[in-house]
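Trainee: model the following, please.
(2 chains)
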Amino acid sequence: MSGVRRAGTLRRALRLTSARIALGIILLIIVLAVFGGALAPQNPLTQNPDAVLRGPGSAHWLGTDYLGRDVLSRLMAGTGRSVVGALEAVGIGLLLGVLPGLASLWLGRTYEWISLRVVDAFMTLPYVVLAVAVTGFFGNSLTAAMTAVGVLIAPLYFRVTRAAALGLTRTQYVEAAELFGSSRRRILRTHLWSKILPTLAVTTAQALASALLIVSSLAFLGLGVEPPLPTWGELLSSDLDYLSQQPWAPLFPGLLIMLVAGALNAFADAIRDTGAANDLSGADTVSAADAPDDLPSGVDLVPVAEPVLRVEGLRVTVNGGRTEAVHGVSFEVGRGEIVGLVGESGSGKSLTCRAVTGLLAPGCERSAGTVDLLGGSGPVDLASLDRAGWNKVRGPRIGIVFQDPASYLNPSIQVGKQLVEAIRAHSDISRTEARARAIELFTSVGLREPETVYRQYPHELSGGMAQRVLIAIAISGDPDLLIADEATSALDVLVQAEVLDLLRGLVQDRGLALLLVTHDLAVVAEFCDRVLVCDRGRIVEQGPAANVWPELVGAES
Amino acid sequence: MSPIVGSLRAIVRLVSVPVTVFLIATFATYALGAAGGANPAATVLGQDATPGQIAQLNHQFGLDKPFLVQYFDWLGHALTGNLGVSYFTSIPVATSISQAFPVDLSLAILALAFAVVLGGGAGILAALRQGGWFDRAVSAVCSGLATVPPFLVGITLIVVFAVFFRLLPSGGYVPFTQNPGQWLRFALLPSLALSAEGAAAIARQLRTSLVGALQENYVLGAAARGLSVRRTLFRHALRNAAGPALTVLGVQIPLLIGGAVVAEKMFALPGVAQLALQAGTERDVPVIQGALLVTIAVVLVSNIVVNAVLLRITPQAARGTRSARRRPMLQATGGAA
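Mentor: Reported below is the predicted structural model:
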């Protein structure tokens, strides 16, 4: 079964032109490696003192070297030893790396810890340095140099195998297989290899490419070179001594090495990408919903007493302008008022909210309509703002709170410092003053131990605490308008009620206008002064919650 | 847990692994040297040596002791700064290395600076202009560098700057302490050549992780707070994106040292690698082992520094790996099978 799937992966990979070209080059190199010596037009070892360092010509297509030997023949004849050298190194790495890598998952913690330290130890040694040492200890030969390289390739295989197997042991089908009583060996045979072999194929192609490059680097140092037998690296290193006479000479072996290394890498990429695509093919593709025929008709703007936010005829396009998702939305939010913007997911309420705050994702755009901030310190036309302008609005005029609050905080910085940063971005106060203000704000959003919270990182906070921190940040600039985008949706019911109480208190104490975006009708019915119902990109109904859903509000009260 | 105990624990954690790794690596390389079977007595004394002379010389080098005793003697001496004596020149290895090491150190620091500045700058710009011409150029250069033998970069630099334009010397060295200006003239090309691979790796990793970080909610959150673009980029996105790039930098350090060997040979620099290469041709085991020890120590110290910096800029990532420590699976159920 696994064999069939792998063959499928390979065949699919070969649909890519790059993969076909890469495979062609690899096959050519294999042919050269086996028959290169026989196919070479001239004897690669024959010296000719009369034709030393000749340029390319009809007698010698790629010219001759410092001993008058034919470069093309040496390149062809050298392929075998170069390839064998790289294969030797990669083979040693494969042998030493794969089984210990697998064993590190099964043989217990002590073995695991020690084997990881051994791997670390090998990874401290540079290829070149170990090759210098090994050829120094054991004598200079291609085998000695390649053994040194192979030993250092082993950690790569160890880690790759271990990571692939680790990923597998966490998947549900292996757990299921264990529950059904399959033996470990059976699990290994049926599941593990089919998962690991493609990974190993990719790693091997990449390792061969690097081994070829390493061989040539070592040859430059004279390591692993056994004159007069040619390898690509040996050709390169001898060319370097005659750089002033033949500055182009390193091009031929250099280009050949680049070509092969590039082909191996391209081949590895093709296999990996195809494999990754296989894994993804089962996932649902998200398609933009088609606009239905019976579009609901929108309602007109209803003016309010002391407007803080006015949105008129707002249209938002997605997919880079191809699809319109919000079709002319108009509403106002007044001072001290709590307005609920409700609708199912995909109704356009979040896009509306993002457009109002200037935080539309790439590909989404406000295509028409106006958004104005009124009152407070003067009207602002939000539609005309650039990023610098927004920075003066978001914070001091609009505060924003999101769903999944912890993700909106920088995971690497203490939350108190993030609040201080927000405070100081909008006012010219010292660090100490900002810190005192931060503690004050934390207290005012009902965090019981503000000093402790100040020093905590986002992942150390509960959902409710994180939302309180985010609220503290949102009100730190003393805004007129607070926008809560599904801010309580992910919280459990009790915490939700607490956070809503907090928001209501802020509206009452500070005279904030609150726009609450949610899909939760119960929250809206109980909490909001006024409701905007969003459906397929339009506001289809609005008014006091009791008017919009008399039955719902009746049931609540 | 008091903060002092906490930071003590962090320090122990930071150091215990490198110490183990150091012991394993030095033991393995020392054993390798012993297994090589180089016979200094025969080489040094020549063919006419009597068995008595050979035995005396072996005794002098401590080669008549059991292997484990030899290793711990060597390690003990090494920790006090005594790396033994060259078989051939009788110069203390520590002396030769301490003369050669500053060459590599100054070169490596300059190369590292180039790698961070060039690679980091390219990676950031590529991420900010994702899909633009600069981004495509950076990825083309990076994948090109991955298929070029590393020393070709150095040769190209020599051909262009030393042979063609005659701006900089093609080889040689002046110590920094002697004349910083001259040092820079000689160190510029080798360290540029040395930095290429690391710069490419950093650029690629930083681009990837910065593109990822810029899509994170906390970047949106920073915008929602009205923080400036620069602040959002440097303090929020880059701080989190720098972690993986720093890890890559840590992995690059052994490669940097390996590259230094090649650079020393190409630019005729009197560094540790030249010493080791020379010793390699003479099978001068103590010198090779001294060079290996220095290499291992440098790599481990750099790793400790990288880890400490990582712990500082992304504390939650370090904590995450600790809490996510995996229990070897299947082991518990293995007995039933």
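
Trainee: not counting its neighbours along the chain, what's nearest the residue most central in space within chain B?
Mentor: Ranked by distance to the mean C-alpha position of chain B (Cα atoms, centre = their mean), the top residue is residue B:253 at 2.6 Å. Ranked by Cβ to Cβ, 6 or more residues apart in numbering or on different chains and with sequence neighbours excluded, the top spatial neighbour of residue B:253 is residue B:302, at 4.6 Å. C-beta here means a position set from N, CA and C on the backbone, and glycine is covered the same way.

Trainee: check the offset of the helix or strand where the residue nearest to the centre of chain B lies from the chain's centre.
Mentor: Using DSSP states H and E, residue B:253 sits in helix B:238-266. Distance of helix B:238-266 from the chain centroid (Cα atoms, centre = their mean, to the nearest Å) equals 6 Å.

Trainee: residue A:391 touches residue B:224, doesn't it?
Mentor: No. Checked against Cβ atoms under 8 Å, the pair residue A:391 and residue B:224 is beyond contact range at 10.5 Å.

Trainee: phi, psi for the residue of chain A positioned farthest from its centre please.
Mentor: Outermost residue of chain A with respect to the C-alpha centroid, by Cα atoms, centre = their mean, is residue A:50; its distance is 59.9 Å. Main-chain torsions, residue A:50, degrees, to the nearest 10: phi -80, psi -10.

Trainee: list the contacts for it?
Mentor: Counting by Cβ atoms under 8 Å, 6 or more residues apart in numbering or on different chains, residue A:50 touches residue A:68.

Trainee: cool, residue A:20 as well?
Mentor: For residue A:20, the contact set (Cβ under 8 Å, 6+ apart) comprises residue A:14.

Trainee: so it versus residue A:272, what's the distance?
Mentor: Using Cβ to Cβ, to the nearest Å, residue A:20 is found at 16 Å from residue A:272.

Trainee: any residues touching the helix or strand encompassing residue A:504, and which ones?
Mentor: In the assignment (DSSP H and E), residue A:504 maps to helix A:493-510. With contact meaning Cβ under 8 Å, 6+ apart, helix A:493-510 is reached by A:336-338, A:445-446, A:462-464, A:467-468, A:471, A:475, A:478, A:482, A:484, A:487-488, A:491, A:512-514, A:516, A:523, A:527.

Trainee: near chain B, anything from the helix or strand following that helix?
Mentor: Counting by DSSP H and E, the next helix or strand C-terminal to helix A:493-510 is strand A:513-518. No. Using Cβ under 8 Å from any Cβ of the partner chain, strand A:513-518 stays clear of chain B, coming no nearer than 13.7 Å.

Trainee: residue A:45 reaches residue A:70, doesn't it?
Mentor: No. Residue A:45 lies out of contact with residue A:70 (Cβ under 8 Å); the separation is 9.9 Å.

Trainee: more neighbours: the two, which one.
Mentor: Each of residue A:45 and residue A:70 has its neighbours counted (other Cβ atoms under 10 Å in any protein chain shown); residue A:70 has more, 26 against 15.

Trainee: ok, the more buried one touching residue A:57?
Mentor: No. Contact between residue A:70 and residue A:57 fails when scored by Cβ under 8 Å: they sit 10.9 Å apart.

Trainee: who in the stretch 1-150 of chain B is up against chain A?
Mentor: Residues of the stretch 1-150 of chain B that fall close to chain A, judged by Cβ under 8 Å from any Cβ: B:17, B:20-22, B:24-25, B:28-29, B:32-33, B:35-36, B:38, B:143, B:146-150.

Trainee: rewinding a little: the residue nearest to residue B:253: which element?
Mentor: Counting by DSSP H and E, residue B:302 is found in helix B:285-313.

Trainee: and that helix, what other elements does it pack with?
Mentor: On a contact count with 3 or more Cβ pairs under 8 Å, 6 or more residues apart in numbering or on different chains; DSSP states H and E, helix B:285-313 meets helix A:127-138, helix B:3-35, helix B:67-79, helix B:93-114, helix B:238-266, helix B:272-282, helix B:315-323.

Trainee: most tightly packed of those?
Mentor: Among the helices and strands packed on helix B:285-313, helix A:127-138 has the highest mean neighbour count (mean count of other Cβ atoms under 10 Å in any protein chain shown), at a mean of 27.

Trainee: and that helix with helix B:285-313, angle?
Mentor: Helix A:127-138 and helix B:285-313 meet at an angle of 160 degrees, taking axes from the mean of the first three to the mean of the last three Cα atoms, to 10 degrees as the criterion.

Trainee: for helix A:127-138, give the mean pLDDT please.
Mentor: Throughout helix A:127-138, pLDDT has a mean value of 88.

Trainee: please apply the same query to stretch A:418-431.
Mentor: The pLDDT scores in stretch A:418-431 average 90.

Trainee: is any part of it close to chain B?
Mentor: Yes. Using Cβ under 8 Å from any Cβ, stretch A:418-431 comes into contact with chain B via A:421, A:422, A:425, A:426.

Trainee: sorry, back to before: how about the contacts made by the residue nearest to the centre of chain B?
Mentor: Counting by Cβ under 8 Å, 6+ apart, residue B:253 makes contact with B:298, B:299, B:302, B:303, B:306.

Trainee: with residue A:314 instead?
Mentor: Residue A:314 neighbours (Cβ under 8 Å, 6+ apart): A:326, A:328, A:329, A:330, A:352, A:355, A:356, A:366, A:368, A:369, A:370, A:371.

Trainee: please identify the helix or strand for the fifth one.
Mentor: Here residue A:352 is covered by helix A:349-357, with elements defined by DSSP H and E.

Trainee: show me what that helix is packed against.
Mentor: Counting contacts by 3+ Cβ pairs under 8 Å, 6+ apart, helix A:349-357 packs against strand A:307-318, strand A:323-334, strand A:338-342, strand A:365-373, strand A:398-402, strand A:481-485, strand A:513-518.

Trainee: contacts for that helix next, please.
Mentor: The contact list for helix A:349-357 (Cβ under 8 Å, 6+ apart) reads A:309, A:311, A:314, A:316, A:318, A:325-326, A:329, A:341-343, A:360-361, A:364, A:366, A:371, A:382, A:394, A:398, A:400, A:483, A:485-486, A:515, A:517, A:519, A:534, B:224.

Trainee: buried subset of these, written for PyMOL?
Mentor: Buried residues among the contacts of helix A:349-357 (16 or more other Cβ atoms under 10 Å in any protein chain shown), as a PyMOL selection:
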select buried, (chain A and resi 309+311+314+316+318+325+326+329+341+342+343+360+364+366+371+382+394+398+400+483+485+486+515+517+519+534) or (chain B and resi 224)
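
Trainee: pLDDT score assigned to residue A:148?
Mentor: In this model, residue A:148 carries a pLDDT of 91.

Trainee: same question but for residue A:437, I mixed them up
Mentor: If you check residue A:437, the pLDDT there is 92.

Trainee: host element of it?
Mentor: helix A:431-444.

Trainee: now the element after that helix, going C-ward?
Mentor: Later in the chain than helix A:431-444, the nearest helix or strand by DSSP H and E is helix A:450-454.
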